[in-house]
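In: Test case, fold it:
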Amino acid sequence: MLLAIERSTSAASAALYRDGVRLAFRAEPGRGRGDAYPLVRDLLAEAGAAPGDLDAFAVGVGPGSFSGVRAALALAFGLALPAGAPVRGVLSAAAAARAYRRAHPDAAPVRVVGDARRGHLWCFDEPEDYAALVHTAADLRLVDAATGAPVRGDAPPSEAAGAPALAGLAEGRSLLVADAARLAPWLGGVAYAAADATADDVAALFLEGFSGPPDPVYVHPAVVGAAAVSAV
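Out: Numbers count the residues shown, from 1 in each chain. You can find the predicted model right below:
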């Protein structure tokens, strides 16, 4: 039985699957940064399952809420420990892009963006082959939120006024925005869809064979090293 957890945004969710079929799903908006256990406890109770029934775990690893991702991973590792069950990570941005593609098969290439803080945006471009993903910050790139210029190393944000970056990033793309409330100052006049992944989206990528290491995605080189974020 697979347990999938997504807590990179405030809309926490968890899903339970057996043999690729969903048994139960729960979402609790506003709980993405709190204790991860109550959501999973209630999900298992709804499905009439016990922690010992779980034999695989898939966790959305971000980018997003530091505390939410870490809490979800800690819970998954704790539940997996007795049986030595595998815990895998799924890039939340990739899960959101994949879900959008399933719902809109004829859409333009999907680009997911989010707030990387420090005046920067992170960008994820839908790959031609999801098997190429590594589910780390190497799948992302950083750009200046004001100019759209690539950020190299841990450069400070531009002092330029205005916000042309998102308009440029949306050109010729289906733009998805993670946690759009955080990017409100830059979203004026830009067409976009929400990119908040759910546990179902995380489970879908895992079940397709696309997952990676169970490590949180940190988008700034100051945290994980200058080579971890592409500046292409």
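In: if I look at the residue sitting nearest the centre point of the chain, how far off is residue 197?
Out: The chain has residue 92 as the residue nearest its centroid, 1.7 Å off, counting by C-alpha atoms, centre = their mean. Counting by C-beta to C-beta, to the nearest Å, the gap from residue 92 to residue 197 is 4 Å. C-betas here are computed from N, CA, C, even on glycine.
In: about what we covered before: contacting residues for the residue nearest to the centre of the chain?
Out: With contact set as C-beta atoms under 8 Å, 6 or more residues apart in numbering, residue 92 has these partners: 6, 8-9, 60-64, 178, 197, 202, 217.
In: could I get the residues you listed as TSV with neighbour count, secondary structure and distance to residue 134?
Out: Listed next are these as TSV, based on neighbours: other C-beta atoms under 10 Å; DSSP: H, G, I helix; E, B strand; the rest coil; distance: C-beta to C-beta, whole Å:
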residue	neighbour count	secondary structure	distance to residue 134
6	33	strand	19
8	33	coil	17
9	26	coil	22
60	34	strand	15
61	33	coil	11
62	33	coil	14
63	27	coil	14
64	28	coil	17
178	24	coil	19
197	32	coil	17
202	34	helix	16
217	27	coil	10
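In: Which of those sits closest to residue 106?
Out: Closest approach between the contacts of residue 92 and residue 106, by C-beta to C-beta: residue 197, at 21.5 Å.
In: if you average pLDDT over the longest helix along the chain, what comes out?
Out: Taking DSSP state H as the criterion, the chain has its longest helix at helix 66-80. For helix 66-80, the per-residue pLDDT values average out at 94.
In: swap in stretch 112-127?
Out: Averaged across stretch 112-127, pLDDT comes to 92.
In: That concludes my questions; thank you for your assistance.
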